[in-house]
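Colleague: I would like to see how this sequence folds:
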Amino acid sequence: MTDTLNIIPEVVILDSLTKGLAYIRDNFHANAEADTYLFKLLNGMQIGSYNFYEQAKLLFVNNEDNPRRLALDFEFKFGEIKAPSIVVPATTEMPTAGGEWLSMGQGFLYPQDFGMQGPLPTIYTRRKKAMVTLGILTDDGNELLMLYHLLSGVLLSMQLHLSLKGLEQLTVGAEESKYFKEKSSLLNKALLLSFEYNFSSVAVPADNE
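Modeller: Prediction:
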């Protein structure tokens, strides 16, 4: 399979979250409970009688008989969204500022950089700052907080994985999303994932300019 020139951040994030949540389930079944990822991340976190760890087990591990299923998708489907859900919409992007910007004379490659001879074109690269708003939607306020802390932990744990996939300088924040609030009666919390990544393009030959 040929490597692609660029990545699609939304695809990387959704794929990484899917793998991270699958790891939680597989890790739980493969280890003593006190040694599991889920136990170490959430044990002891509780609001009143709502135990984050026990509820996460029902949702992610012992979910065969649980009618609640966490749905992950790219798109907010108005009128079809189920509780609980995580929506990964398109990212907000901007060029990096100041000295971080790759100017002419930086951020491009020649054929010899690949150890190759021949007509391989010059590749220009620019650095982007981006933020994706992961919409967490549910009908239970306690579950909303549990999912936020769980996903924050999963993304933190996967920093190396995401960096190797091209998403770097990750930070995580949160807010209530006006977008989802206007379109759904479900409770929501927007997990704000900020990162940087490189975008490249092949140069147009000088004789075609």
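
Colleague: just the endpoints, please. Distance across stretch 71-87?
Modeller: 8 Å (CA to CA, to the nearest Å).

Colleague: quick one: average pLDDT of that stretch?
Modeller: In this model, stretch 71-87 has an average pLDDT of 67.

Colleague: again with stretch 175-186
Modeller: 68.

Colleague: show me where this structure has its helices.
Modeller: For the chain, applying DSSP state H gives helices covering 9-30, 37-42, 52-60, 141-157, 159-164, 178-183.

Colleague: can you flag the weakest of these by average pLDDT?
Modeller: Mean pLDDT is lowest for helix 178-183 out of the helices of the chain, coming in at a mean of 63.

Colleague: if we can go back for a sec, quick one: the helices of the chain as a markdown table, columns for distance to residue 134 and mean neighbour count too.
Modeller: All C-beta spots, glycine's among them, are computed from the backbone N, C-alpha and C. Below are the helices of the chain laid out as a markdown table (distance: least, CB to CB, whole Å; neighbours: other CB atoms under 10 Å):
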| stretch | distance to residue 134 | mean neighbour count |
| --- | --- | --- |
| helix 9-30 | 8 | 16 |
| helix 37-42 | 17 | 18 |
| helix 52-60 | 17 | 19 |
| helix 141-157 | 7 | 19 |
| helix 159-164 | 13 | 13 |
| helix 178-183 | 11 | 14 |
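
Colleague: quick one: which of the ones you listed is nearest residue 199?
Modeller: Residue 199 sits nearest to helix 9-30 of all the helices of the chain, at 9.9 Å, using CB to CB.

Colleague: relative to helix 52-60, how tilted is that closest one?
Modeller: 110 degrees (axes from the mean of the first three to the mean of the last three CA atoms, to 10 degrees).

Colleague: what helices or strands is helix 9-30 leaning on?
Modeller: helix 37-42, helix 52-60, strand 71-73, strand 123-138, helix 141-157, helix 159-164, strand 187-202 (3 or more CB pairs under 8 Å, 6 or more residues apart in numbering; DSSP states H and E).

Colleague: how big is the angle separating it from strand 123-138?
Modeller: Angle, helix 9-30 to strand 123-138, by the same axes, to 10 degrees: 60 degrees.

Colleague: just the residues contacting helix 9-30, thanks.
Modeller: Residues outside helix 9-30 that contact it (CB atoms under 8 Å, 6 or more residues apart in numbering) are 36-38, 57, 60-61, 70, 72, 74, 86, 88-91, 130, 132, 134, 151, 154-155, 157-158, 161-162, 165-167, 193, 195, 197.

Colleague: switch to 6 Å and redo it
Modeller: Residues from elsewhere that reach helix 9-30 (CB atoms under 6 Å, 6 or more residues apart in numbering): 36-38, 60-61, 88, 91, 154, 158, 162, 165.

Colleague: now for those: which two are most distant?
Modeller: Farthest-apart pair in the contacts of helix 9-30 is 36 and 91; separation 32.1 Å (CB to CB).

Colleague: sorry, back to before: what's the closest of the helices of the chain to residue 122?
Modeller: That would be helix 9-30 among those, by CB to CB, at 24.4 Å.

Colleague: and that closest one, how far out from the chain middle?
Modeller: Offset of helix 9-30 from its chain centre (CA atoms, centre = their mean, to the nearest Å): 10 Å.
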